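[1] here are the coordinates; sequence isn't available:
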């Protein structure tokens, strides 16, 4: 197996080149390739061995290319949840300021966002959402919504922490989300 893992490690530069088809952001590419390497390490050793024995490095390259494409394009991929979901929320907050700093759109990094951008953010909307949450009929709805959105829990992790079924949590969160959509201007 060490020989196979060594072959995967040697394909790292090839995977980085493939990533330029999806983005030009070096940080995002490094994160995606690192996530792919972790994916290879965690996958079933028998499956990995079968791929390597059948097609060698070419098979690993093709398999890695498919996994990499899924990582960049699927919102259900681990890469999306780990990296892109967070950065997309930063972009939403600063979307009004991107016309001033046009290069921010192309490189999603915390270090690329100047401090002046924060002045353009619409904190009024956040305050309005907090007021709506305070006005909810049941404290339970507010708390579940806060645990999900403010603390960044997934439905599965929230279900494990609270002991409440995933479907019940989804129904509550969806109800509060729809109420906020109705009331936010």
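    Cool, the structure landed. Only a predicted model underlies this, so the values are computations on that prediction, with no experimental measurement involved.
[2] buried set for the top helix by length along the chain?
    Longest helix in the chain, counting residues (DSSP state H): helix 45-73. Neighbour counts over helix 45-73 (16 or more other C-beta atoms under 10 Å) mark 48, 51-52, 60-61, 63-65, 67-68, 70-72 as buried. The C-beta positions use only the backbone N, C-alpha and C, and glycine is treated the same way.
[3] Can you name the two of those that sit furthest apart?
    52 and 72 (24.0 Å; C-beta to C-beta).
[4] where does the chain dip in pLDDT?
    Scanning the chain for pLDDT under 70 picks out the ranges 80-124, 185.
[5] quick one: the helices in it?
    2-10, 12-19, 26-42, 45-73, 78-79, 85-93, 103-106, 123-134, 139-145, 155-162, 166-183.
[6] which secondary structure elements does the shortest one contact?
    Using 3 or more C-beta pairs under 8 Å, 6 or more residues apart in numbering; DSSP states H and E as the contact criterion, the neighbours of helix 78-79 among helices and strands are helix 26-42, helix 45-73.
[7] Repeat the analysis, applying 7 Å as the threshold.
    helix 26-42 (3 or more C-beta pairs under 7 Å, 6 or more residues apart in numbering; DSSP states H and E).
[8] buried ones in the helix it packs on?
    27, 28, 29, 31, 32, 33, 35, 36, 37, 39, 40.
[9] and the third one, what does it touch?
    What it means is residue 29. Residue 29 makes contact with 16, 19, 20, 23, according to C-beta atoms under 7 Å, 6 or more residues apart in numbering.
[10] and with 6 Å instead?
    Going by C-beta atoms under 6 Å, 6 or more residues apart in numbering, residue 29 touches 16, 19.
[11] And for the one 10 residues further on?
    Contact analysis of residue 39 by C-beta under 6 Å, 6+ apart lists residue 67.
[12] what about it, distance to residue 16?
    15 Å (C-beta to C-beta, to the nearest Å).
[13] what does residue 60 give?
    Here residue 60 is placed at a distance of 15 Å from residue 16 (C-beta to C-beta).
[14] before we move on, what about residue 147?
    Counting by C-beta to C-beta, the gap from residue 147 to residue 16 is 37 Å.
[15] Could you spell out which stretches of this structure belong to which domain?
    2-82, 83-120, 123-183 (automatic domain parsing).
[16] Point out the most buried one among those domains.
    domain 2-82 (a mean of 15; mean count of other C-beta atoms under 10 Å).
[17] Tell me if I'm right that residue 22 and residue 73 touch.
    No: counting by C-beta atoms under 6 Å, residue 22 stays clear of residue 73, with 7.3 Å between them.
[18] Can you pick out the most distant pair from the buried residues of helix 26-42?
    27 and 40 (20.8 Å).
[19] ok, the closest residue to residue 153 other than its chain neighbours to residue 176 distance?
    Counting by C-beta to C-beta, 6 or more residues apart in numbering, residue 153 lies nearest to residue 147, which is 5.5 Å off, once chain neighbours are set aside. Separation of residue 147 from residue 176 (C-beta to C-beta) stands at 11 Å.
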